[in-house]
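1. just to be clear, the model below is a prediction. Sequence and coordinates:
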Amino acid sequence: MRTPLVLLILLGVSTAHAQEPKPIVVPEIHPTVIGGSINEISQQPPDMTLVPRAEGARAGRIWVRNIEHSLLIFGEVEGGEPDFPRNKNFLLSKDHIEVWLAAGDDPDMPDIGWGNQFGETLLPKGDDPCSEYVKQAGTRMNQPAGAEAKCREWLATQQHYRPFFSRLFIRQWLLTPDYAVESFAMPAYEEITAKFASDLPRYREEVPEILKPHGVPQIWVVPKFKGGYTFQILIPYSFFPPLPELELRNLRLLVDVFSPAPAGKKTGPYSTSSPARVWGKPATFNSLRLDPPRVFHLTPCDMPLKGADAYRDVQDAWFIPKAGQSWEYESNAFLVVNGSGGYRYEPEGLSPVVRPLHFFWRNVSPGEWVCGPQLTYRKDGKSTAFDQTIAEEGFETRRAADGDLLIKIGPRVYYSEFGSGQCGACPRTSLLILGLTKEREIYTLLELGDMVTAGPDSPQAEDFALSPDWSQITQYDQAQDDEGGNPGEWSSKTWCLQGPRYKECGSAEGVQPPNPPVLKELRSGSN
């Protein structure tokens, strides 16, 4: 009795698996001319067939190719002479083409929550997460009156906000010979900035420009002699939605071709490249697989597409490609995380937000690079990553007499990310010099810096001076003003490079600091 049941189960699994359409393989081509006849490509079997969804919709065929720096879509549409809009207001009611594009994967959004300097809080699961959250929180310090009602109000805001945030990872372009409009991600971006950021200035940084759609595809349309038309659509990589991998292999694409609207209707009948099509749902689009894939490089060190969140936990990141020339390196990416802030003990902020990541590098010699923010060294085609996180400000390299590579970060001024802890709002200074041996071992030669204006025993200003070859480094400290309000005196300490380390080699009182100052932000209004 069991054998038929097992066979039925296996057949059911096999049938379901067989129904999943295979990805459309997109080859790379190198056309000498774009925008002319599609006769050559139309002799090949189409990648997609336009399926009419209603009477009056046009039949047609679609081909997709990768041309190294862009995606190129070819189409042949049947039917009568097209009636494209001459006025942007009639774009939806006339002949037009709609192209949807998304990465092969949806963003993995964190559970609804918020963070502070001690960590992240996620709302509990269940039908009434705010009630459960307040119950778990109990009488914890700083819990305000009416916490449950405030939590529900905050939760409702996040539930309204999240669908708009998800739309920033998809592009929908409405295209005609005269007009091209992005109509899905851009309205979502504008909705977020208008309703979730404009009244809360400190949240503006949580909706950065990196997610704002930039650019629209170029389209060429050629009428056919016996009715219908052909088209080519060029989508540069830099117009793409965010991508979760540096190897561009998997995409999801949808092409809809609309006919003019009948009287009394806003839009006309349409044909679609995906029979499973659902508006705004990438899972129902056509799956593409670029072969060969287009590989992007994050810095010359080929760093992974990852970054650290506010708690220094490393997560997978997203990026939007540059134009795609082979000599370019990617330098910007972002994480999808919950909003956080110092002393944010109760529900506040937006969930999620993006955390921008910026990568940088210095060329040491041909084929030799140092990159950050995770310190990474590349030479002879091999990259080595170290535990150190470095800043770009004051980032320089030079070769020491013994052959080791010296890496300088700073002098710079920075602040606590959360503005919390001892003197959370106080500026901090830093100057770091590292050494890298030929065996790719890292060591610290010198590390200087203080918390400024933290109290009577801390400096109220600080600055640094370096000799051109970095063999001598001086730190200048200004004492606090005296009781009469007279400016505090400057003192200095000097370190000299002796062998593999710096050693203190001098000090002085009543000195003059560097002029002009290096750390200008610490000496506004000071002499």
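-> Structure's in. What do you need?

2. next secondary structure after the biggest helix by length in the chain?
-> Assignment by DSSP state H gives helix 147-167 as the longest helix of the chain. Next along the chain after helix 147-167, taking DSSP states H and E as the criterion, comes strand 170-175.

3. now for that following strand, which elements pack on it?
-> Strand 170-175 is packed against strand 96-103, strand 180-182, helix 185-192, with contacts defined by 3 or more Cβ pairs under 8 Å, 6 or more residues apart in numbering; DSSP states H and E. For glycine as for every other residue, the C-beta is placed from the backbone atoms N, C-alpha and C.

4. switch the cut-off to 7 Å
-> Packed against strand 170-175 by the contact rule (3 or more Cβ pairs under 7 Å, 6 or more residues apart in numbering; DSSP states H and E) you find strand 96-103, strand 180-182.

5. what count of nearby residues applies to residue 388?
-> When neighbours are counted by other Cβ atoms under 10 Å, residue 388 registers 16.

6. hang on, it in a strand?
-> Yes. Residue 388 sits within a strand when classified using DSSP: H, G, I helix; E, B strand; the rest coil.

7. now it, nearest residue through space, not along the chain?
-> residue 375 (4.2 Å; Cβ to Cβ, 6 or more residues apart in numbering).

8. give the contact list for that neighbour.
-> 386, 388, 390 (Cβ atoms under 7 Å, 6 or more residues apart in numbering).

9. who's the closest spatial neighbour of the first one, skipping the chain neighbours?
-> Translated: residue 386. What sits nearest to residue 386 in space, not counting adjacent residues and going by Cβ to Cβ, 6+ apart, is residue 375, at 4.4 Å.

10. can you tell me the helix or strand for the one you found?
-> Using DSSP H and E, residue 375 sits within strand 374-379.

11. pairing partners for that strand, with directions?
-> In the sheet, strand 374-379 lines up against strand 368-372 (antiparallel), strand 382-389 (antiparallel) (DSSP bridges).

12. how about the CA coordinates for the longest helix of the chain, as CSV?
-> Only the C-alpha atoms of helix 147-167 are listed here, as CSV (Å, rounded to 0.1, in the frame of the first residue of the first chain):
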residue,chain,number,x,y,z
ALA,A,147,4.3,53.0,27.2
GLU,A,148,2.0,50.5,25.7
ALA,A,149,-0.1,53.1,23.8
LYS,A,150,3.1,54.8,22.6
CYS,A,151,4.5,51.5,21.4
ARG,A,152,1.3,50.8,19.4
GLU,A,153,1.5,54.2,17.8
TRP,A,154,5.1,53.6,16.9
LEU,A,155,4.4,50.1,15.6
ALA,A,156,1.6,51.4,13.4
THR,A,157,4.0,53.9,11.9
GLN,A,158,6.6,51.1,11.1
GLN,A,159,3.9,48.9,9.5
HIS,A,160,2.9,51.8,7.3
TYR,A,161,6.5,52.7,6.5
ARG,A,162,8.0,49.3,5.7
PRO,A,163,6.2,48.7,2.4
PHE,A,164,7.5,52.0,1.1
PHE,A,165,11.0,51.1,2.2
SER,A,166,10.8,47.7,0.4
ARG,A,167,9.8,49.5,-2.8
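
13. tell me the gap between it and the middle of its chain.
-> 23 Å (Cα atoms, centre = their mean, to the nearest Å).

14. got the angle between it and helix 185-192?
-> Relative orientation of helix 147-167 and helix 185-192, computed by axes from the mean of the first three to the mean of the last three Cα atoms, to 10 degrees: 160 degrees.

15. before we move on, the earlier item: could you dump the strands paired with strand 374-379 to JSON lines with distance to residue 126 and mean pLDDT?
-> Formatted as JSON lines, these follow (distance: least, Cβ to Cβ, whole Å; pLDDT from 0 to 100):
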{"stretch": "strand 368-372", "distance to residue 126": "43", "mean pLDDT": "97"}
{"stretch": "strand 382-389", "distance to residue 126": "38", "mean pLDDT": "96"}
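
16. just the ones you listed: most buried one?
-> strand 368-372 (a mean of 22; mean count of other Cβ atoms under 10 Å).
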